[in-house]
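Novice: one predicted model, sequence on top.
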Amino acid sequence: MQDYGSIEYIIIDGKSSDSTTDIVNNYQAIYSHIKMVSENDSGIYDALNKGLALATGDVIGFLHSDDLFPSNTIISELASKINNDNLDGIYGDLQYVTKENTNKIIRFWKSCEFRPELLKIGWMPAHPTLFLKKEIYLKHGQFNKSFEISADYDFMLRVLKDNTFKFGYLQKVITKMRLGGASNRNIKNIIKKTKEDLRALRLNNIGGIFSLILKNTSKIKQFLIK
């Protein structure tokens, strides 16, 4: 439904047993720019890496299972700002919504203009809203699969600290995410994510415990802004 005319769709399916592949096959019969891989994988980041390996576009973004764009102009707006501001990467705001009603907002991840020093106080953009030029992946590689939950955070720290790239902020909701993602599914995953976030901070020489505390406490306001 996006109104932008040049999108390559790459669907990575974990060998699902529902009607996903049938639906995709029906679209592939109409549109030649849809690719699909349906096979077992070792997790979210393995699937994302498969998509990256297949992508031929100038700019790459992810739309995860159960997530959606709030309007059919999102991609064209992102492309316009990337071109007009000569950006290497762009991100926006994220809404967490209920599975039953995607207009019911539970949490609002409001971002801000990028400054490198924000990384040390635990700031990060919402990864589902992040679109990057392919050159960034060619330079910094794919997601580190030794992280089960925080590979996206590790990757963003790796990329955003690189001052040879220019990043911009589109001040609007880019993605709506239905609740129930891997990182906040249960207490065990929350604890694992906290440990992995700390490892990512130290691995990228960004910060430590203090940065992690600020990262987690900054999320409180996301439940207050709707």
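Specialist: Right, received. Where do you want to start?
Novice: assign the residue nearest in space to the middle of the chain to helix, strand or coil.
Specialist: Geometric centre of the chain, nearest residue: residue 128, 2.5 Å, by CA atoms, centre = their mean. Assigned by DSSP: H, G, I helix; E, B strand; the rest coil, the conformation of residue 128 is helix.
Novice: show me the contacts for it.
Specialist: For residue 128, the contacting residues are 62-64, 67, 94, 174-175, 177, by CB atoms under 8 Å, 6 or more residues apart in numbering. (C-beta placed from N, C-alpha, C; glycine too.)
Novice: which one (most neighbours) among those residues?
Specialist: residue 174 (27 neighbours; other CB atoms under 10 Å).
Novice: may I ask you to confirm that that residue belongs to a strand?
Specialist: Yes: counting by three-state DSSP, residue 174 falls inside a strand.
Novice: ok, it to residue 111 distance?
Specialist: Going from residue 174 to residue 111 by CB to CB, to the nearest Å gives 9 Å.
Novice: tell me, how many residues neighbour residue 217?
Specialist: Residue 217 has 10 nearby residues by other CB under 10 Å.
Novice: so where does it fall, helix or strand?
Specialist: Using DSSP states H and E, residue 217 sits in helix 209-217.
Novice: how far is that helix from where the chain is centred?
Specialist: Its chain's C-alpha centre and that of helix 209-217 lie 20 Å apart, by CA atoms, centre = their mean, to the nearest Å.
Novice: now for that helix, which elements pack on it?
Specialist: When contacts are defined as 3 or more CB pairs under 8 Å, 6 or more residues apart in numbering; DSSP states H and E, helix 209-217 sits against helix 187-203.
Novice: what are the buried residues along the helix it packs on?
Specialist: Using 16 or more other CB atoms under 10 Å as the test for burial, helix 187-203 gives 192-194, 196-198, 200-201.
Novice: now do it, average pLDDT.
Specialist: Confidence for helix 187-203, expressed as mean pLDDT, is 92.
Novice: cool, and stretch 146-160?
Specialist: On average, the pLDDT along stretch 146-160 is 97.
Novice: again with stretch 116-133
Specialist: The predicted model assigns stretch 116-133 a mean pLDDT of 96.
Novice: that stretch: end-to-end distance?
Specialist: The first and final residues of stretch 116-133 sit 19 Å from each other (CA to CA, to the nearest Å).
Novice: pull out the buried residues from it.
Specialist: Across stretch 116-133, burial judged by 16+ other CB under 10 Å covers 119, 122-133.
Novice: from the residues you listed, which two are the most distant?
Specialist: Among those, the pair separated by the greatest distance (CB to CB) is 122 and 133, at 25.6 Å.
Novice: hang on, the earlier thing: out of the buried residues of helix 187-203, who's nearest residue 71?
Specialist: Nearest to residue 71 among the buried residues of helix 187-203 is residue 193, at 30.2 Å by CB to CB.
Novice: what's in contact with stretch 55-70?
Specialist: 2, 7-8, 10, 48, 51-52, 75, 78-79, 82, 95, 99, 102, 127-128, 130-134, 137, 173-178, 180-181.
Novice: which ChimeraX command selects the buried ones in the residues you listed?
Specialist: Buried residues within the contacts of stretch 55-70, by 16+ other CB under 10 Å, are selected in ChimeraX with:
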select :10,48,51,52,75,78,79,82,95,102,127,128,130,131,132,133,137,173,174,175,176,177,178,181
